[in-house]
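Novice: Fold the following.
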Amino acid sequence: MHSAPPDGGPRLRVKNTFFTVDEPGASPKVRPARSLPISPRGGAWHSDDGLVVSEFEGSSPSRCFAAGAEGDATPDDSRDVCRLKTLSPVSRYEDLAHSASVPAQANLCQQPTSAHPASAPMPSTPAWTPAAPDCSSSPPWAVRGQVWELSQDPQGCREVQRAIEEATDGERAGIAEELHGHIGEAMRCPHANFVLQKLIQLAPPAASEPLARELGAEELVPAAKHKFGCRVVQRFIERLPPATARHLVDSLLDDFADLARHPFGNYVVQNILANGAEDQRARVVRSIVGDIRGLTRNEFGCTVVVAAVSKGRAGDRTAVARALLREKGLLVYAACARHGHLAASRVLEVLKGWELEEARALLVAALQALQA
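Specialist: Numbering: from 1, shown residues only. Alright, predicted model coming up:
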């Protein structure tokens, strides 16, 4: 069906369930013709490109789009072919300069005339919807042989992580083997560090052990201070076999003073307080008590003090709380600090008896400073 409006606007052709827009020469420079699929949605006819076809004249839309695949629909004495009167852009193709807007309450499809009985059904074709993206993950074997290359890529690292999630323990061990020789680099990579964390979390501890042994003491502490590497070190602490984890934690605690004051290393120390062996946690507490003033007055060291007085055994928390109370003016200083106020509130929860009364008296005496 060909239709050319008298005002020289776009000429429309309908073939099967597609209409074509022919732009006149005076239009802005756009593609000369467009063929767009159309389908019924909510009583109106829509193209799949977001255009609304409205104001049908003549026969019902079911007749208008019933033309065979052999050629364009042609009007004759026995069948009227509807003429598209209004074409309004809804979302895209705003460059159709001659299209008019559709009235908000317009009767989009007129009732059939006497030549076409009311029994003519409307098309029952369901509204077209775009195909859902293929979100299926690659099978574990699909990443074999290219684990390291994919791990360094923003999209590839996600594929490797999904493969790790779906893999068996044996397949995860095979993926771990491909990362040998790259652990230090992977820990510092903004993408590969997530692959390494996922592997450590899901693979058997025995499969992660060779990865940890690849790190020497000279690489371990710098990795613990790295913004990505500190995450991987924490996963090692949580998942390694006890003997290997002990060796790793002891190496870290040899550099406790620097780690506790570091913007990223402090998270590793807090993880040791939560997941380290009992004697290693006690070693951390002793180090905190011995340097309570220096740590509390440091922005990042103070977070370690808060963790020590909040977690762990009751005896360890009491030891840190008493250390804060003994240092002259330190409890009040902590109460006024960004992170230290959490430590001061925990002190009031941990201490008992006369020690609690003393802590309260110190804070009440400094009430004006606290309110400032």
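Novice: Stretch 169-179: which residues count as buried?
Specialist: E171, R172, A173, G174, I175, A176, E178, L179 (16 or more other C-beta atoms under 10 Å). (Glycine included, C-beta is placed from N, CA and C.)
Novice: Quick one: residues contacting the closest residue to the fifth one other than its chain neighbours.
Specialist: When you say that, I think you mean I175. The shortest distance from I175 to any non-neighbouring residue, by C-beta to C-beta, 6 or more residues apart in numbering, is to V147 (5.4 Å). Taking C-beta atoms under 8 Å, 6 or more residues apart in numbering, we find V147 in contact with V160, I175, E178, L179, V195.
Novice: Out of the buried residues of stretch 169-179, which sit inside strands?
Specialist: Among these, no member falls in strands (criterion: DSSP state E).
Novice: Helices of the stretch 101-250 of the chain, start to end?
Specialist: 147-151, 156-166, 169-178, 183-188, 192-202, 205-213, 217-224, 229-239, 242-253 (DSSP state H, counting those that start in this stretch).
Novice: From A176, how far off is the residue lying closest to G276 once chain neighbours are set aside?
Specialist: Distance criterion C-beta to C-beta, 6+ apart; nearest residue to G276, sequence neighbours excluded, is V249 at 5.3 Å. Distance, V249 to A176, using C-beta to C-beta, to the nearest Å: 21 Å.
Novice: now do R317
Specialist: Per C-beta to C-beta, R317 is found 38 Å from A176.
Novice: same thing with Q152?
Specialist: Taken as C-beta to C-beta, the span from Q152 to A176 is 16 Å.
Novice: buried residues in the helix or strand harbouring Q280?
Specialist: Assigned by DSSP states H and E, Q280 falls within helix 278-290. By 16+ other C-beta under 10 Å, the buried positions in helix 278-290 come out as Q280, R281, A282, R283, V284, V285, S287, I288, V289.
Novice: quick one, the helix or strand containing Q270 and helix 278-290 angle?
Specialist: Taking DSSP H and E as the criterion, Q270 maps to helix 265-275. With axes from the mean of the first three to the mean of the last three C-alpha atoms, to 10 degrees defining the directions, helix 265-275 sits at 130 degrees from helix 278-290.
Novice: where does the stretch 151-300 of the chain have low pLDDT?
Specialist: Residue ranges of the stretch 151-300 of the chain with pLDDT under 70: none are present.
Novice: give me the number of residues near R261?
Specialist: 19 (other C-beta atoms under 10 Å).
Novice: correction: G329
Specialist: Count around G329 with other C-beta under 10 Å applied: 10.
Novice: what's the distance between it and V233?
Specialist: 35 Å.
Novice: got a list of contacts for the helix holding Q280?
Specialist: Under C-beta under 8 Å, 6+ apart, the answer for helix 278-290 is 246, 249-250, 253, 256-257, 260, 269, 272-273, 276, 295, 304-305, 308, 312-313, 316, 319-320, 323.
Novice: Any chance you could give me that helix in PDB, C-alpha atoms only?
Specialist: Provided in PDB are the C-alpha atoms of helix 278-290 (Å, rounded to 0.1, in the frame of the first residue of the first chain):
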ATOM      1  CA  GLU A 278      44.400 -17.300  69.600                       C
ATOM      2  CA  ASP A 279      48.100 -16.600  70.400                       C
ATOM      3  CA  GLN A 280      48.400 -14.300  67.400                       C
ATOM      4  CA  ARG A 281      45.400 -12.300  68.500                       C
ATOM      5  CA  ALA A 282      47.000 -12.000  71.900                       C
ATOM      6  CA  ARG A 283      50.100 -10.800  70.300                       C
ATOM      7  CA  VAL A 284      48.200  -8.100  68.500                       C
ATOM      8  CA  VAL A 285      46.500  -7.000  71.700                       C
ATOM      9  CA  ARG A 286      49.900  -6.700  73.500                       C
ATOM     10  CA  SER A 287      51.200  -4.600  70.600                       C
ATOM     11  CA  ILE A 288      48.200  -2.300  70.800                       C
ATOM     12  CA  VAL A 289      48.400  -1.900  74.600                       C
ATOM     13  CA  GLY A 290      52.100  -1.100  74.300                       C
END
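Novice: what's near enough to touch the residue nearest to E185 when sequence neighbours are not counted?
Specialist: Distances taken as C-beta to C-beta, 6+ apart place A192 nearest to E185, at 7.3 Å, with adjacent residues excluded. Residues in contact with A192 (C-beta under 8 Å, 6+ apart) are W148, S151, Q152, C157, H182, E185, A186.
Novice: if we go to 10 Å?
Specialist: A192 sits next to 147-148, 150-153, 156-157, 160, 179, 182-183, 185-186, 228, 232 when contact means C-beta atoms under 10 Å, 6 or more residues apart in numbering.
Novice: Give me the distance between it and V221.
Specialist: On the measure of C-beta to C-beta, A192 and V221 end up 20 Å apart.
Novice: same thing with T303?
Specialist: Taking C-beta to C-beta, one finds T303 at 19 Å from V221.
Novice: Considering the contacts of A192, which possesses the most neighbours?
Specialist: Counting neighbours by other C-beta under 10 Å, V160 comes out on top of the contacts of A192 with 31 neighbours.
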